[in-house]
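Trainee: A structural model of the following input is requested.
(chains A and B)
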Amino acid sequence: MTSRIGVVTFPGTLDDSDTARAVRAVGAEPVALWHGDADLHGVAAVILPGGFSYGDYLRAGAIARFAPVMGPVIDAAHQGMPVLGICNGFQVLCEAGLLPGALIRNASLHFVCREEWLRVENTGTAWTNRFDKDAQIVIPVKNMDGCYQAEPGTVAELEGEGRVVFRYLDNPNGSVAGIAGITDARGRVVGLMPHPEHAIDALTGPSDDGLGLFLSALDHLVSA
Amino acid sequence: MSIPTVTADTVEHALSTPDTKQPYAELGLKDDEYQRIRDILGRRPTDAELAMYSVMWSEHCSYKSSKVHLRYFGETTTEEMRAKMLAGIGENAGVIDIGDGWAVTFKAESHNHPSYVEPHQGAATGVGGIVRDILAMGARPLAVQDSIRFGPADADDTKRVLPGVVSGVGGYGNCLGLPNIGGEVVFDRTYAGNPLVNALCVGAMRIEDLHLAHATGVGNKIILFGARTGLDGIGGVSVLASETFSESTGRKKLPSVQVGDPFTEKVLIECCLELFHAGLVVGIQDLGGAGLSCATSELASAGDGGMRIVLDRVPLRAKGMTPAEVLSSESQERMCAVVTPDNVEAFLAVCAKWDVTATEIGEVTDGENLVITWHDETVVDVPPRTVAHDGPVYQRPVRRPSTQDDLVADTSAMLERPAGPAELRETLLHMVSSPNLASRRWVTEQYDRFVRGGTVLAQPADSGMIRIDEETGRGVSVSTDCNSRYVALDPYVGAQLALAEAYRNVVVGGASPLAVTDCLNFGSPEDPGVMWQFREALHGLADGCRELGIPVIGGNVSFYNQTGTTAILPTPLVGVLGVIDDVRRRIPTGFGAELGETLLLLGDTRDEFDGSEWAHVVHGHLGGKPPKVDLARERLLGEILIAGSRDGMLSAAHDLSEGGLAQAVVEAALAGESGCRIVLPEGADPFVWLFSESAGRALVAVPRSEELRFTEMCSARQLPWVRIGVVDKESDAVEIQDVATLGLAELRSAWEGTLPALFD
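Mentor: Sure thing, here's the model as predicted:
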């Protein structure tokens, strides 16, 4: 199985080169995907990085969800391809209906950039199999619209099925139940607001805890 | 169906109506300046020409009051200092060779008046403008810093201005994907009606990719690309940036502040970089203050001189705009490029890929004039140099204010000092929680410092440091500083102290200073006392740079920063850029990185409290003489710290500045979440040692194993040092022997509580 991982760039995407660096850091091969691409260039997994796609002037992720490249991404996700959405990518996955719920403005109404402690609650996904259950990791958050919300029934379902993947120890943005990241029912599509690609080296980030997500994906692809 | 066009004042019309009254005074031109324009052209200017001259001859664009003084920078820059300079003052931004084939460019610019009128957009477009300056040099913008100054922290208007400025700086920079790696937040009552927003950007490129703004090559095409041109910011430069606000006259002339669109700018950045890499650009210029007036006249005068522009080809976003308005519009996120005819198609294709609007609006000609037509009629026909470079030059009167002697005589010696441990403890907590010394976290948490993955040091470190080369680890650091209270007491020394502090902030991180940029914010140049402050500060800075051996490679002057007749404290912001060959050897601020660290205080501590934060916070006092400045000592301190970084002898270092040793210890302890025990030297006056602001000092943490080697190096080089304590990783307190023990939690809540309490 190939270890080529696609990294999508929409106009306004900001963390694409950082995400590609993180993919490279674990020995996988990043493949640049452009928002206008009609296919996924044979990649085995896809990451939607952070940023402000198309400026996010309407609603975060609302326009990116309709980008040409999202057609094949959504199809591949339905067929079980591992897809990770980070920050703006998480917002796009919610807008695309691949993950439930929505991200709204932070409770503080400010952009929040902070080094945040998270608990890894689900280690069965394609993106978290390398972590120990309930491991506590430090990953930066940096966003304006990071407050995760969903209907009570949806939250109960996520909790009941163990689909809350990451939870904040000190909720920075008012997310319901301190939810920082979730997965789809199959554990292939994961979205989170914190930025694992900015925690791959203690020189430039608070830790290297973020590597775990990329190593997990690599393991998943190699063993698949 | 035909679209009605605006009837323009053509050159032909101007020739036939020489006696038409023109509103030159309203546009900010003096009688003699208007007459000079008529003399240059041999006729009255058209409306469009008048708009161009008035905006380009404004203080903001022409530097007419500062020009005669700014020459001093050139006169004090030696050949040796020029050795690494690839571009200097006069270009969009200065460029310096940092080694390994890398060129780095950095510059700061003010956006003060717009930020008072509309804090969010004023600050946002300040960031946008400086980023385009960096981009126009051919560099990828890599990081920003912001130095922002406001009235008293608890003033009502500060609650309006500060949150808007912070959200503007953050909103724009975050959306561009540029890490914010530091800056300053300062409060003083003189900034109450005139906040300062100085934004700095750093960019890097391979040396061979350096682009200068030229329009050479007859037949080359002029392409305008980026956002469409609208009615926003018209007259922004000539009115907003050059007129003092006053209740009586200011209001009715206020035009709208430009509105920023960071998404468009982000796309424009990527588009430009792709154009550069494909070799499709002969010359490039950003559109900032004075819009197309500035871009066309500067491009033409930097090239062969002749240029023809078909102004009605400019894509507009408002109806019924006049040629004068199109030329003056300061709509953001626009660039102008010179492209050879055979590359136009490829150029437009790259723009199309990024959905960037691009329009060929003219070409370089073999004539001598900049000729601009509007629906086939000539509305501008001028020698471009007369617009861009031959503006008026003033020899403004310069006079030391009569009040200066009284200010200097009113020293801090009579101020009551804390006596005994209880008062010292109380003073320390009062200082740590005061608005100018309190944690900037409330501000910096609104800025993305991680994006691009190269940030190695950022707030609350002394300098911001980024990695430039991922292979070798080569990087740069930047610090911007100014203690305007010192400058008020002695502008010459005060400017050198600002330089010394920025220099020290760079060296405590382990980088070697290479170049300087400045942003000179002063009151009205029509006040001889302000001009004296300006000249003294400029000379102090230039002489200081010569002594330190680092050139000023760019800068910005902002005058008319005053409310009524009250000027701001003179604020010559100094930015120093340093290089480090491997960012892994940077020195962090926080204690406790290694087990068992000794704390050393480097430099001399004297009884120096005039202009200090203590005098300001506790007594509301400003008077006397600023601390002594010794640039040879600063240089020696720098060499020791850089050697310490290179040889891995230091585990932490922190500059001593406002608030003195006490502030530095508290910040380093909190940054490392590690306690420490401070033992002041025998017989030391604890108040002086804890709070004096003597320059040329740094606090360093040295692993025990390196202590002897490091102190022997200091002694051999004759840098004074004293052992003042130890780090105690197990302790959760800062213990100052015989004075006070302060828990880290208590210190953190005092230090971090202030800004949220004021602005949340």
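Trainee: Within range of chain A, give me the residues from chain B.
Mentor: Residues of chain B lying close to chain A (CB under 8 Å from any CB of the partner chain) are B:167, B:170-171, B:174-177, B:261-264, B:266-267, B:354-355, B:444-456, B:467, B:470, B:583-584, B:760. C-beta: built from backbone N, CA, C; applies to glycine.
Trainee: dump the residue contacts of B:S612.
Mentor: B:412, B:658, B:660, B:691-693 (CB atoms under 8 Å, 6 or more residues apart in numbering or on different chains).
Trainee: roughly how far is the helix or strand of chain A with the lowest mean pLDDT from the heart of the chain?
Mentor: Least confident helix or strand of chain A, by mean pLDDT, DSSP states H and E, is helix A:211-223 with a mean of 94. Mean C-alpha position of helix A:211-223 versus that of the full chain (CA atoms, centre = their mean, to the nearest Å) differs by 14 Å.
Trainee: anything in that helix near chain B?
Mentor: No - Helix A:211-223 stays clear of chain B (CB under 8 Å from any CB), getting no nearer than 13.1 Å.
Trainee: contacts for that helix?
Mentor: A:1-3, A:5, A:22-23, A:25-28, A:44-45, A:82, A:84, A:120, A:125-131, A:137, A:190, A:196-197, A:199-200.
Trainee: If we use 7 Å, what do you get?
Mentor: Defining contact as CB atoms under 7 Å, 6 or more residues apart in numbering or on different chains, one finds that helix A:211-223 is touched by A:1, A:3, A:5, A:22-23, A:25-28, A:44-45, A:82, A:84, A:126-131, A:196, A:200.
Trainee: Just the ones of the residues you listed in strands?
Mentor: Within the contacts of helix A:211-223, residues falling in strands by DSSP state E are A:5, A:45, A:84.
Trainee: on that earlier part again, would you show me how to pick out the buried ones of the residues of chain B next to chain A in PyMOL?
Mentor: Filtering the residues of chain B next to chain A down to the buried ones (16 or more other CB atoms under 10 Å in any protein chain shown) takes a single PyMOL command:
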select buried, chain B and resi 167+170+171+174+175+176+177+261+262+263+264+266+267+354+444+445+446+447+448+449+450+451+452+453+454+455+456+467+583
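Trainee: Spatially, and excluding backbone neighbours, which residue is closest to whatever residue of the stretch 201-350 of chain B ends up closest to chain A.
Mentor: Residue nearest to chain A within the stretch 201-350 of chain B (CB to the nearest CB): B:F263, separated by 2.9 Å. Nearest residue to B:F263, sequence neighbours excluded (CB to CB, 6 or more residues apart in numbering or on different chains): A:G55, at 2.9 Å.
Trainee: residues contacting B:F710?
Mentor: B:F710 neighbours (CB under 7 Å, 6+ apart): B:644, B:649, B:702.
Trainee: can you tell me which of the residues you listed are in helices?
Mentor: B:G644 (DSSP state H).
Trainee: Switch the contacts of B:F710 over to a markdown table; also include distance to B:A51 and pLDDT.
Mentor: Below are the contacts of B:F710 laid out as a markdown table (distance: CB to CB, whole Å; pLDDT from 0 to 100):
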| residue | distance to B:A51 | pLDDT |
| --- | --- | --- |
| B:G644 | 56 | 96 |
| B:M649 | 60 | 96 |
| B:V702 | 62 | 98 |
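Trainee: Is it correct that B:A346 is in contact with B:V281?
Mentor: No - in this structure B:A346 lies outside contact range of B:V281 using CB atoms under 7 Å: 10.8 Å.
Trainee: Among those two, which residue is more densely surrounded?
Mentor: A direct count of neighbours by other CB atoms under 10 Å in any protein chain shown for B:A346 and B:V281 places B:V281 higher, at 20 against 14.
Trainee: name the element that one belongs to?
Mentor: Under the criterion DSSP states H and E, no helix or strand holds B:V281.
Trainee: Give the lowest-confidence helix or strand of chain B, using mean pLDDT as the measure.
Mentor: Lowest mean among helices/strands of chain B [mean pLDDT, DSSP H and E]: helix B:250-253, a mean of 33.
Trainee: Quick check: next helix or strand after that one?
Mentor: Taking DSSP H and E, what comes next after helix B:250-253 is helix B:262-277.
Trainee: State the mean pLDDT of that next one.
Mentor: On average, the pLDDT along helix B:262-277 is 95.
Trainee: Report the backbone C-alpha coordinates of it in CSV.
Mentor: What follows is helix B:262-277, C-alpha atoms only, in CSV (Å, rounded to 0.1, in the frame of the first residue of the first chain):
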residue,chain,number,x,y,z
PRO,B,262,-6.7,39.7,3.8
PHE,B,263,-7.9,36.8,1.7
THR,B,264,-7.2,38.8,-1.5
GLU,B,265,-3.8,39.7,-0.2
LYS,B,266,-3.0,36.1,0.7
VAL,B,267,-3.8,35.0,-2.8
LEU,B,268,-1.9,38.0,-4.2
ILE,B,269,1.2,36.9,-2.2
GLU,B,270,1.1,33.4,-3.6
CYS,B,271,0.4,34.7,-7.1
CYS,B,272,3.3,37.2,-6.9
LEU,B,273,5.8,34.5,-5.7
GLU,B,274,4.8,32.2,-8.5
LEU,B,275,5.3,35.1,-11.0
PHE,B,276,8.7,35.8,-9.5
HIS,B,277,9.8,32.2,-9.7
